[in-house]
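In: dropping the sequence and predicted coords here.
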Amino acid sequence: MVRRFLIALVAAAALAGPAAAAPPSLLMPDVTFHREFQFTVHGAAVVNVIEAPRPTGLYSLRPVLGRGTVQGKERLTAMEKRLAPSATVAGVNGDVFAGGVNGLVLQNGVMQASPIGSRSSLSVDAAGNLALGRIPFVGDWRGTSQRHALSHFNHRPGAGGTVLFTPAWGGLTPANGDAVEAVLSPFPITTANTELTARVTQILRGGNHTIPAGSAILQGRGNAGARIAAEAHVGTLVTTRLILPGGFSGAVNGIGGGPMLVRNGKALFRPDEAFATPWFVRPTARTAVGQRADGVILLVAVDGGARGYSAGMTNFEVAHELVRLGAVTAMGLDSGPSTAMAFEGDLLNRPFRGERAIGNALMLLYSGVQASPPSDGVLSPNGDTAGERETLAYKLVRRSSVLAVVSGPGGTNVTLDSGERQPGIYKFTWNGTESQGKLLPEGRWTWEVRALDDLGRRSSADRPFSLNTTLKNLAVERSGGAVLVGVDLTRPAKLTIQIETRSGTVVRTLASRSDDADHAAVVWNGRLKGRRRAHAGSYVVRAIATNAVGTAELTQTFRLGS
């Protein structure tokens, strides 16, 4: 009875709607990020969510290895910066690791590490569909006799096991006194579900050897080592197979992880996978990946371990969160201190012990044109030095024909760049005027970039901003214990002037009224609502003008007290 009550209580907490949610922000075309604040029985939980299109065409979802090897470790942000020249990248931490990657790694059809049958793996097929399941590793090798089973691929061998190592392992083969190794060269790319044949060029013993570039090493221990010595002597052709069975046979990309969180739209309470019970039930930072019925990808990172900010979630709570977000299938990834989410090398979440180096990551990669947000949401060339010029930029990862324009009211278009461009980042400044220096129409504008790459693929990106000269000359002066605020309006508008903390909390509204084009002035006596005197420190004056042209803001920081 008590157990049923606890399960119901956890489920109820997980199903509760978000207490607050920031509006989504656009990371790259059709990919958004938002943050939600949930209430659970353990306290508040901060949920970070990336939503992305089905991973086909210009988008792909695939694992990335730390420093490019199975044994490598690297921070998520560093991986993204390394990939930045070849894609626009958002991602989360990947599989559970201990001294290296533990589960499946499949990159563009090439297997880099074998799966673990006791935990879930995820695959992505050519149509962008995610499949989840517990798949055992199936592999074999054959020399001069019959086929023999491989124990693992690019994982450490157990006693009596046989493992195939490629340069993707990273470093020397494991040192084992009873190991016998056959060097296979040249070795083909390790495409899953194909026969991989190479000739034995050398027999080594004891392990602890470098894997030559373009080669592989077949290592056997105990009786398995004796079998290699007998059936794979120098000059022998050896054939190996790395098999992805069942629903994974058509996989293009794949990653290990677990546990499974959502199956057929239902949250799973008992995934029955090889994880210790405390790992499931304690609230902590969590990472997960899921897919909606329409193909939309969900990457989720729940912050945890920070009382007063985010306590984290249990495994079952995360499963319910994925269902609430619309996932019909979902899987967990590594949790706790590993949990991280980033975009283009900048963290989006708050790892509770700081960002740590991880074994691999699950990355969403976009290969079309990317437009950066304008440097200012409002371009205001009115002579007061604030917002006089807009910095605009776009990024290419392939050679492309480009048209980059700013477009505004009444069909106004200004071309900032056109022609064939090489991969790179292109930046421009624009002051909102035509060639003769006349101000262009004020209102909503869009930074638009269209590209046709060398593979014949079209992409586009756009970012909104506004051209608005309504507000100018914000001035803040201290006079005795008071603060004098003045601002000019170039046209009638509703004017709001407020005092905020440095973090954005409004502590006093000084004006909220309609004003004509004129100078407006207000005084703050340094007191909060209720007449309490504000603490000494830094504050921000924010002036906001709203009219038919749009909304313009100016801010200025000042210090109250000594």
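Out: Perfect, I can see it now.
In: check the gap between the residue lying farthest from the centre of the chain and Gly437 for me.
Out: What lies farthest from the middle of the chain is Gly480; by Cα atoms, centre = their mean that is 50.0 Å. Distance of Gly480 to Gly437, given as Cβ to Cβ, to the nearest Å: 44 Å. Yep, even glycine has a C-beta here, placed from its N, CA and C like the rest.
In: next one: Thr496
Out: Counting by Cβ to Cβ, the separation of Thr496 from Gly437 is 32 Å.
In: between these two, who's got more neighbours?
Out: Thr496 (18 against 7; other Cβ atoms under 10 Å).
In: which element follows the helix or strand hosting that one toward the C-terminus?
Out: In the assignment (DSSP states H and E), Thr496 maps to strand 493-501. Downstream of strand 493-501, the next assigned helix or strand under DSSP H and E is strand 506-515.
In: what is the strand holding Thr496 packed up against?
Out: Applying 3 or more Cβ pairs under 8 Å, 6 or more residues apart in numbering; DSSP states H and E, one finds that strand 493-501 contacts strand 482-489, strand 506-515, strand 519-524, strand 537-547.
In: state the pLDDT value of Arg527.
Out: The model reports Arg527 with a pLDDT of 92.
In: so it sits against Ala534, correct?
Out: Yes. If you go by Cβ atoms under 8 Å, Arg527 and Ala534 touch, sitting 6.6 Å apart.
In: which of those two has more neighbours?
Out: Comparing Arg527 with Ala534 by other Cβ under 10 Å, the one with more neighbours is Ala534, at 18 against 13.
In: wait, the more buried one sits on Leu528?
Out: Yes. Assessed by Cβ under 8 Å, Ala534 is found in contact with Leu528 at 5.4 Å.
In: common neighbours of those two, please.
Out: Common neighbours of Ala534 and Leu528, counting by Cβ atoms under 8 Å, 6 or more residues apart in numbering, are 507-508.
In: adjacent strands (with direction) for the strand or helix carrying Asn48?
Out: Element membership of Asn48, judged by DSSP H and E, is strand 43-52. According to DSSP bridges, strand 43-52 forms sheet pairs with strand 31-40 (antiparallel), strand 297-302 (antiparallel).
In: pick the most deeply packed of the ones you listed.
Out: The highest average neighbour count among those, using mean count of other Cβ atoms under 10 Å, belongs to strand 297-302 at a mean of 26.
In: output that one as CSV, nothing but the C-alphas.
Out: Extracted C-alpha coordinates of strand 297-302, given in CSV (Å, rounded to 0.1, in the frame of the first residue of the first chain):
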residue,chain,number,x,y,z
ILE,A,297,13.7,15.1,-31.9
LEU,A,298,13.7,16.0,-28.2
LEU,A,299,17.0,16.5,-26.3
VAL,A,300,16.5,17.0,-22.6
ALA,A,301,18.9,17.9,-19.8
VAL,A,302,17.5,18.2,-16.3
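In: now do it: distance to the chain's middle.
Out: Put simply, strand 297-302 sits 8 Å off its chain's centre (Cα atoms, centre = their mean, to the nearest Å).
In: can you check the pLDDT for Pro409?
Out: According to the prediction, Pro409 has pLDDT 97.
In: now do the contacts for it.
Out: Contact analysis of Pro409 by Cβ under 8 Å, 6+ apart lists 441-445.
In: residue ranges with poor pLDDT in the stretch 201-350 of the chain?
Out: Flagging of the stretch 201-350 of the chain using pLDDT under 70 yields the residue ranges 277, 279.
In: helices of that one, start to end?
Out: Secondary structure of the stretch 201-350 of the chain (DSSP state H, counting those that start in this stretch): helices at 223-231, 277-281, 315-324.
In: quick one, which of the strands paired with strand 43-52 is nearest to Gln112?
Out: Gln112 lies closest, by Cβ to Cβ, to one member of the strands paired with strand 43-52: strand 297-302, at 21.1 Å.
In: related to what we said a few turns ago, possible to save the helices of the stretch 201-350 of the chain as CSV with mean neighbour count and distance to Val46?
Out: What follows is the helices of the stretch 201-350 of the chain, written out as CSV (neighbours: other Cβ atoms under 10 Å; distance: least, Cβ to Cβ, whole Å):
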stretch, mean neighbour count, distance to Val46
helix 223-231, 18, 49
helix 277-281, 12, 20
helix 315-324, 25, 11
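In: got TSV for these, with distance to Leu104 too?
Out: Listed next are the helices of the stretch 201-350 of the chain as TSV, based on distance: least, Cβ to Cβ, whole Å:
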stretch	distance to Leu104
helix 223-231	23
helix 277-281	20
helix 315-324	20
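In: closest one to Leu268 among these?
Out: Nearest of the helices of the stretch 201-350 of the chain (Cβ to Cβ): helix 315-324, 5.9 Å.
In: angle of that closest one against strand 297-302?
Out: 140 degrees (axes from the mean of the first three to the mean of the last three Cα atoms, to 10 degrees).
In: show me where the stretch 1-150 of the chain dips below the pLDDT cut-off.
Out: Looking at the stretch 1-150 of the chain by pLDDT under 70, you get 1-21, 98-100.
In: what are the ranges of the helices in it?
Out: Here the stretch 1-150 of the chain has its helices, by DSSP H, counting those that start in this stretch, at 2-15, 76-83.
In: okay, buried residues for the shortest one please.
Out: Just to be clear, that refers to helix 76-83. Residues 76-77, 79-80, 83 are the ones in helix 76-83 that count as buried (16 or more other Cβ atoms under 10 Å).
In: now do it: everything it contacts.
Out: Outside helix 76-83, the residues within contact range by Cβ under 8 Å, 6+ apart are 64, 66, 74, 89-93, 340-347, 355, 358, 361, 363, 365.
In: filter those to the buried ones?
Out: 64, 66, 74, 89-93, 340-345, 347, 355, 358, 361, 363, 365.
In: domains of the protein?
Out: Here the domain parsing of the chain from automatic domain parsing is 2-100+259-366, 138-243, 370-467, 471-560.
In: still on that earlier bit, for Asn253, which of the helices of the stretch 201-350 of the chain is the nearest?
Out: helix 315-324 (20.0 Å).
In: how far is the closest one from where the chain is centred?
Out: How far helix 315-324 lies from its chain's middle: 19 Å, per Cα atoms, centre = their mean.
In: so which elements touch that helix?
Out: Secondary-structure packing of helix 315-324 (3+ Cβ pairs under 8 Å, 6+ apart): helix 2-15, strand 260-263, strand 266-267, helix 277-281, strand 286-292, strand 297-302, strand 327-332.
In: pairing partners for the second one, with directions?
Out: Using DSSP bridges, the strands paired with strand 260-263 are strand 266-267 (antiparallel), strand 327-332 (antiparallel).
In: mean neighbour count and distance to Gln38 added to those, as TSV?
Out: Shown next, in TSV, are these (neighbours: other Cβ under 10 Å; distance: least, Cβ to Cβ, whole Å):
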stretch	mean neighbour count	distance to Gln38
strand 266-267	17	15
strand 327-332	25	16
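In: TSV please, covering those strands and showing distance to Pro245.
Out: Formatted as TSV, the strands paired with strand 260-263 follow (distance: least, Cβ to Cβ, whole Å):
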stretch	distance to Pro245
strand 266-267	25
strand 327-332	18
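In: closest one to Asp518 among those strands?
Out: Smallest distance to Asp518 across those (Cβ to Cβ): 54.7 Å, for strand 327-332.
In: angle of that closest one against strand 286-292?
Out: Using the same axes, to 10 degrees, the inter-axis angle of strand 327-332 relative to strand 286-292 is 150 degrees.
In: would you put the C-alpha positions of strand 327-332 in CSV?
Out: The C-alpha coordinates for strand 327-332 follow below in CSV (Å, rounded to 0.1, in the frame of the first residue of the first chain):
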residue,chain,number,x,y,z
ALA,A,327,7.7,11.6,-27.0
VAL,A,328,6.5,8.3,-28.2
THR,A,329,9.9,6.8,-27.7
ALA,A,330,12.8,7.9,-25.4
MET,A,331,16.0,6.7,-23.8
GLY,A,332,18.1,8.0,-21.0
